[in-house]
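**Q** fold the following and give me the result.
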Amino acid sequence: MSDQAPDWVIPVMRAGYFARAAVYTAVGGLALGAAIDGDEAEGTTDALAELLGEGWGVPLLWGIALGLFAYTIWRLIDAWMDLECYGNDAKGLLSRAGLVVTGVIHAGIGVSVASVALRGKDSGEGGSGTESVTAQILAMPYGVWLVAGVGVATIGAGGYYVWKGVAEKYKKQIRLTPMSLKLSPVMKFGCIAEGVVIAIIGVSIVFAALNTDPQQAKGLGEALGTLRAAPFGRLLLGVVALGLLAFAVENAVEAIYRAIPALSERKLKTLATDAKLKAARHLRRVTS
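**A** Below is the predicted model of the structure:
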């Protein structure tokens with residue numbers, strides 16, 4: 001089905017990654033400021049709401065919201081048409097299901113950003129979105145088990161991002177250019193930092209399930225607050241804030257240089273293929 005992909009898939013994908021870059025720039029920048037000044041870190045919606053104080057803030061928020069919706073569309077089409085060639089075996093279908101989940105999550109973030117653009121900063125008051133959703137699920141039959149499952153899956157997603165950074169899996173679909181090669185260490189750091197934050201959120205959701213207390217489920221802002229409250233918290237928060245800014249760079253690189261395997265030339269040169277060639281040359285030198 002990949003050969004039927006509409007022409008607008010690539011620009012929609014790029015718009016989505018640029019929107020994610022804007023989100024993490026805002027969150028990471030404010031978190032870094034909080035680490036320096038000793039203030040509380042803010043979550044995604046509150047961080048973006050700070051843009052309302054600027055003359056161009058509302059148009060930018062609408063642009064970010066539309067970009068996040070574009071990211072959702074990209075992920076859904078990617079999963080349906082298998083544009084990244086995951087395949088139809090169990091592992092491939094699981095990966096494609098993950099694309100759908102991330103797409104839906106970003107649609108929810110897009111709705112929150114649009115709400116801020118429409119109604120202002122106070123539109124998100126009343127607890128974090130994570131807490132609200134957790135409370136709703138806990139009220140359902142087998143809600144505790146459902147919340148626990150979501151928590152474990154979230155921890156797994158965090159572990160995946162850490163692994164993606166450590167194993168440099170982000171290189172697989174990034175075109176090889178002098179700039180993408182130079183920014184590779186930044187992308188690695190960003191993926192690891194994003195994984196740490198997601199894992200903290202996942203642990204909090206598991207605790208919420210164990211104690212049947214939705215208030216223990218943390219969003220991004222509360223996860224950063226957990227780091228701030230730890231020993232050497234300002235230092236930890238500063239390091240993670242820099243990591244989130246690095247993850248913003250990773251998304252910007254994806255927006256510019258990401259290739260779609262099903263729509264690209266066969267001999268596509270990526271950061272991953274470059275790394276393999278360098279490893280092969282090094283091995284030949286060592287064994288010769």
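
**Q** C-alpha only now, for contacts and for neighbours.
**A** Fine.

**Q** could you pull out the helices for the stretch 51-200 of the chain?
**A** 57-81, 90-119, 129-138, 143-166, 178-182, 184-210 (DSSP state H, counting those that start in this stretch).

**Q** residues touching the first one, excluding its own?
**A** To tie it back to what came earlier, the one meant is helix 57-81. 1-2, 5, 9, 12-13, 15-20, 22-23, 48, 51-52, 83-84, 96-97, 99-100, 102-104, 106-107, 109-111, 113-114, 116-117 (Cα atoms under 8 Å, 6 or more residues apart in numbering).

**Q** so where's the stretch 51-200 of the chain shaky on pLDDT?
**A** Where the stretch 51-200 of the chain drops to pLDDT under 70, the residues are 121-129.

**Q** show me the contacts for Ala35.
**A** Ala41, Arg228, Arg234, Leu235, Leu237, Gly238.

**Q** on that earlier part again, now list the buried members of the contacts of helix 57-81.
**A** 2, 5, 9, 12-13, 15-20, 22-23, 48, 51-52, 83-84, 96-97, 99-100, 103-104, 106-107, 109-110, 113-114, 116-117 (16 or more other Cα atoms under 10 Å).

**Q** sorry, back to before: out of the helices of the stretch 51-200 of the chain, the one nearest Ile36 is which?
**A** helix 184-210 (18.1 Å; Cα to Cα).

**Q** show me what counts as buried in that closest one.
**A** Result for helix 184-210 [16+ other Cα under 10 Å]: buried residues 184, 186-209.

**Q** wait, Leu224 touches Leu237, no?
**A** Yes. Assessed by Cα atoms under 8 Å, Leu224 is found in contact with Leu237 at 6.6 Å.

**Q** test my guess that Ala262 contacts Tyr86.
**A** No. Contact criterion Cα under 8 Å: Ala262 and Tyr86 do not qualify, at 10.3 Å.

**Q** perfect, that will be all.
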